[in-house]
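In: this one's structure only:
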């Protein structure tokens, strides 16, 4: 009979409204057998190595998660999200012990997955494994699909990225620069602004928290207006961008992190610009774009190896750091892609 | 020497803020020579027959018309807009005396046009000439381009049209029905709702003024949700529609008449649905679609003659009725396309 081991988990204590707090989650220790139960076909048992902290997870902490595109987390159960994992046992024909994969998994040390179709096998292992929680995984593909498929970019266009040092924003800006656009990003600290300008190669960047008048800031950085706005923030930021869009501008609506903790999202007033400027606003989610993933990897891996694309991670050590890391997204505590190391191997 | 005749005009008295009033305009009598001045090449002198009252004109009554897509009207000068006209004199190679045309002209009896490229010659005269202020002119092409080019319709989809008995809405609904969609419209009176159901053939219609809860009304008429929203209204209506959109729904943003008289447009809160539902919102204006006009006429004229598309006009007699007719758009006084007869020939 298989030996049971302890299995630390990050569990949702109660549904969240307003800003999430560390105390909305707790670390519990459960136990798990490291073998798949007899008669359980097409399952894998994984060791979770790296877990991804993503803003969309806030929606799943609410009781009415159904208003979002994913179901709610269940109080008393571990959170789930994207992660990079190692297969410890498999009854699924595509996986064998020792394989690496990324995809949906639990916020715990070990997870028995009966839906391994939510995993993608990791073939290329000469880049850090943690990258599969970000630039080589969900957020990377989000940036790629959002920029190329939704923004309809043209060389020389003016591109604005909000939350620009985050997991998605940092890559969108670099893809836009490589494509030949003029790129300005905003973020919430001097350190992040420096990163945007000096590490990610944005043409300009500004700290939105130091701009009392966002409209004036946008007019300063985009005297000709904005062709493409990559929207990660929503609310007042979107309201300020709309009148600064150019004719036939495009807004790729990737996220609205400023709105996720409000009981009622802020009102956005400047929508008549959609008519006057013939704007297109388009929402998208990465799960519609997985067919692009092989092409994306072929594109991005050489860029990373050649140093043409750089990537900044904010790495928290240990599952215990999960709750603080996750809620830190909403105060902008993270610098770059936030992830949690559960185990390095 | 050419004889001068009197030329009644509808003149803007002062820039408008808030709801426009009849007293913001006045009728004045000027004079004009009915021949083109010597040495004025490529001009036409037209007799204005029918003038179109359109919501977008409100933007041009404001001092900051530049925020809109057209320049402001000038106080002391006649309004301008779409109309059907007869050529009285021409130094333009495309026009001769007696020709009929539609396009941009003045709110007056006679207009000297030095930019006749803003006119389109009327070839087909076996339908009422007044139709060229609407279904055979700008609003018709708006409905056609908006529905076919922006909405990306599929047979069997659920279509919602606001301001549905208006010049654009009535045609969008009929085009959508002919295409094989399920169509519900809203309007502001019982009489208009009856028109939608009994004359225009909408599947269902409701009076938004009698619905204390627009969200509940939309859920009643669209238990499966809305695939296509043809937006003519904005504000609270858009806010109610957003959570009722289906995955990958499209919102063709044609107008936001509820917002044009507000100093600051209302806040719209439910924009995060753009992400969750992967919605596309797209603004458009008819001037980008004139290349479709010949094809549009080929489509719509047979439908009109066969009675498959019907058209309801609200006809005001005499240039003096212009101010009341124009402001009546914003209180919903008109039933169908509002136009003003200056002269029947």
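Out: Arrived safely. Quick caveat: nothing in here was measured; it's all calculated off a predicted structure. Numbers count the residues shown, from 1 in each chain, chains lettered A, B, ... in the order given.
In: For chain B, what's its nearest residue on the stretch 101-250 of chain A.
Out: residue A:234 (6.6 Å; C-beta to the nearest C-beta). All C-beta spots, glycine's among them, are computed from the backbone N, C-alpha and C.
In: burial count for residue A:328?
Out: By the measure other C-beta atoms under 10 Å in any protein chain shown, the count of residues near residue A:328 is 17.
In: Between the two ends of stretch A:75-85, how far is it?
Out: Length of stretch A:75-85, first residue to last, C-alpha to C-alpha, to the nearest Å: 24 Å.
In: got it, and stretch A:244-260?
Out: With C-alpha to C-alpha as the measure, the ends of stretch A:244-260 fall 24 Å from one another.
In: a helix runs through residue A:303, doesn't it?
Out: Yes. Under DSSP: H, G, I helix; E, B strand; the rest coil, residue A:303 sits within a helix.
In: Quick one, grab the pLDDT at it.
Out: At residue A:303, the model reports a pLDDT of 98.
In: residue contacts, it?
Out: Going by C-beta atoms under 8 Å, 6 or more residues apart in numbering or on different chains, residue A:303 touches A:178, A:309.
In: Specify the local secondary structure of residue A:31.
Out: Assignment for residue A:31 (three-state DSSP): strand.
In: and stretch A:21-40, how far apart are its ends?
Out: 37 Å.
In: residues in contact with it?
Out: Residues outside stretch A:21-40 that contact it (C-beta under 8 Å, 6+ apart) are A:2-14, A:16, A:43-45, A:61, A:79, A:88-91, A:108, A:110, A:112, A:114, A:319-320, A:322-324, A:326-327.
In: And the residues you listed, which of them are buried?
Out: Neighbour counting by 16 or more other C-beta atoms under 10 Å in any protein chain shown classes A:7-12, A:16, A:43-45, A:61, A:79, A:88-91, A:108, A:110, A:112, A:319, A:322-323, A:326-327 among the contacts of stretch A:21-40 as buried.
In: Which ones among those also lie next to chain B?
Out: The subset of the buried ones among the contacts of stretch A:21-40 within reach of chain B, by C-beta under 8 Å from any C-beta of the partner chain, is empty.
In: Where helices are concerned, which of those residues count?
Out: Residues of the buried ones among the contacts of stretch A:21-40 located in helices (DSSP state H): A:322, A:323, A:326, A:327.
In: wait, what's in contact with the last one?
Out: I take that to be residue A:327. Taking C-beta under 8 Å, 6+ apart, we find residue A:327 in contact with A:19, A:20, A:21, A:22.
In: what's the answer for the second one, then?
Out: Under the criterion of C-beta under 8 Å, 6+ apart, the neighbours of residue A:323 are A:10, A:22, A:24, A:25, A:26, A:27.
In: My reading is that the last one is in a helix; is that accurate?
Out: Right, residue A:27. No. Assessed with three-state DSSP, residue A:27 is strand; it does not lie in a helix.
In: Would you mind measuring from the residue in chain A that chain B sits nearest to to residue B:206?
Out: In chain A, the residue that lies nearest chain B is residue A:267 (1.6 Å; C-beta to the nearest C-beta). The gap separating residue A:267 from residue B:206 is 25 Å, by C-beta to C-beta, to the nearest Å.
In: ok, the residue of chain A closest to chain B touching residue B:270?
Out: No. Counting by C-beta atoms under 8 Å, residue A:267 sits too far from residue B:270 to count as a contact (9.8 Å).
In: The two: which is more packed in?
Out: Summary of the neighbour comparison: residue A:267 and residue B:270, criterion other C-beta under 10 Å, with residue B:270 having more neighbours (21 against 18).
In: SS state for the more buried one?
Out: Applying three-state DSSP to residue B:270 yields a three-state assignment of coil.
In: Which parts of the stretch 101-250 of chain A are strands?
Out: Remark: strands assigned in the stretch 101-250 of chain A by DSSP state E, counting those that start in this stretch are A:110-113, A:119-121, A:158-161, A:182-187, A:204-207, A:226-231, A:245-253.
In: ok, residue A:71 touching residue A:61?
Out: No. Residue A:71 is not in contact with residue A:61 according to C-beta under 8 Å; the separation is 11.6 Å.
In: out of everything not next to it in sequence, what's closest to residue A:215?
Out: The shortest distance from residue A:215 to any residue other than its chain neighbours is 4.9 Å, reached at residue A:240 (C-beta to C-beta, 6 or more residues apart in numbering or on different chains).
In: What's the local residue count around residue A:194?
Out: Residue A:194: 14 surrounding residues under other C-beta under 10 Å.
In: Let me see the domain layout of chain A.
Out: If you go by the TED database, the domain ranges for chain A are A:4-134+A:312-341, A:138-287.
In: okay, these, which one's buried deepest?
Out: domain A:138-287 (a mean of 21; mean count of other C-beta atoms under 10 Å in any protein chain shown).
In: what about it, start to end distance?
Out: End to end - C-alpha to C-alpha - domain A:138-287 spans 9 Å.
In: next one: stretch A:159-175
Out: Start and end residues of stretch A:159-175 are separated by 11 Å (C-alpha to C-alpha).
In: go on, stretch A:5-19?
Out: By C-alpha to C-alpha, the extent of stretch A:5-19 from end to end equals 34 Å.
In: And the contacts of it?
Out: With contact meaning C-beta under 8 Å, 6+ apart, stretch A:5-19 is reached by A:23-34, A:58, A:61-63, A:72-79, A:106-110, A:261-263, A:319-320, A:322-323, A:327, A:330.
In: For beta bridges, what are the partners of the nearest residue to residue A:335 once chain neighbours are set aside?
Out: Spatial nearest neighbour of residue A:335, excluding adjacent residues (C-beta to C-beta, 6+ apart): residue A:314 at 5.2 Å. Per DSSP bridges, the residues bridged to residue A:314 are residue A:338.
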